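1. mind folding the following:
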Amino acid sequence: MIIYLDASALVKLYTDEEHSDLVRRAASAAIVRACHDIGYVECRAAFVRKRKLGQLAADDHRRCRRQLDRDWREFHTVRVTADLIHRAAALSDEHGLRAYDSVHLAAVEAVYAASDGAAEFRFGVFDTELKRAAKSAGLPLLET
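-> Purely as a prediction, here's the structure:
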């Protein structure tokens with residue numbers, strides 16, 4: 001399986017949230033884990049937010065960062081290109097998505113197209129609007 005994780009799913013690999021077990025099982029079974037570069041920043045920011053809200057102890061915060069840094073080297077990362085940014089802008093117009101969600105949608109489209117049916121593909125996403133847009137685009141989702 002190839003799995004693309006947006007930030008809402010990526011965070012679940014490292015912190016205990018609803019559906020964390022589902023994401024961890026899918027990521028563990030995947031032959032390729034993919035994300036756009038911006039997902040790294042979003043995930044680190046989510047760790048900080050959880051720490052500030054008292055949802056993540058200092059030791060757990062450091063552990064999450066270390067695990068993400070270790071795992072990130074193994075991710076297929078989608079880079080920023082002019083074509084991707086233009087596609088993301090078009091998707092934002094089409095679906096009314098926030099900027100980074102549009103970037104993730106453009107990136108997952110690119111990874112899905114490149115997979116060309118060579119392996120089972122799933123998009124791990126838990127953001128309601130991005131999930132709706134992905135369904136509309138016909139992307140196969142990691143279902144709960």
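
2. now do the buried residues in the lengthiest helix in the chain.
-> Secondary structure of the chain read by DSSP state H shows that its longest helix is helix 99-115. For helix 99-115, burial by neighbour count (16 or more other CB atoms under 10 Å) applies to 100-112. (Each C-beta comes from the backbone N, C-alpha and C, glycine too.)

3. show me how far it is from its chain's centre.
-> Computed by CA atoms, centre = their mean, to the nearest Å, the separation of helix 99-115 from the middle of its chain amounts to 10 Å.

4. may I have whichever helix or strand comes after that helix as CSV, with CA atoms only?
-> For helix 99-115, the succeeding helix or strand toward the C-terminus, using DSSP states H and E, is strand 121-124. Output of strand 121-124 as CSV, limited to C-alpha atoms (Å, rounded to 0.1, in the frame of the first residue of the first chain):
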residue,chain,number,x,y,z
PHE,A,121,-3.4,3.7,-2.4
ARG,A,122,-4.9,5.5,0.5
PHE,A,123,-5.1,9.2,1.6
GLY,A,124,-5.0,9.6,5.3
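
5. name the surrounding residues that touch strand 121-124.
-> The contact list for strand 121-124 (CB atoms under 8 Å, 6 or more residues apart in numbering) reads 1-6, 9-10, 12, 23, 26-27, 108, 111-112, 115, 134, 139-142.

6. apply 6 Å and report the result again.
-> 2-5, 9, 23, 108, 112, 115, 134, 139-142 (CB atoms under 6 Å, 6 or more residues apart in numbering).
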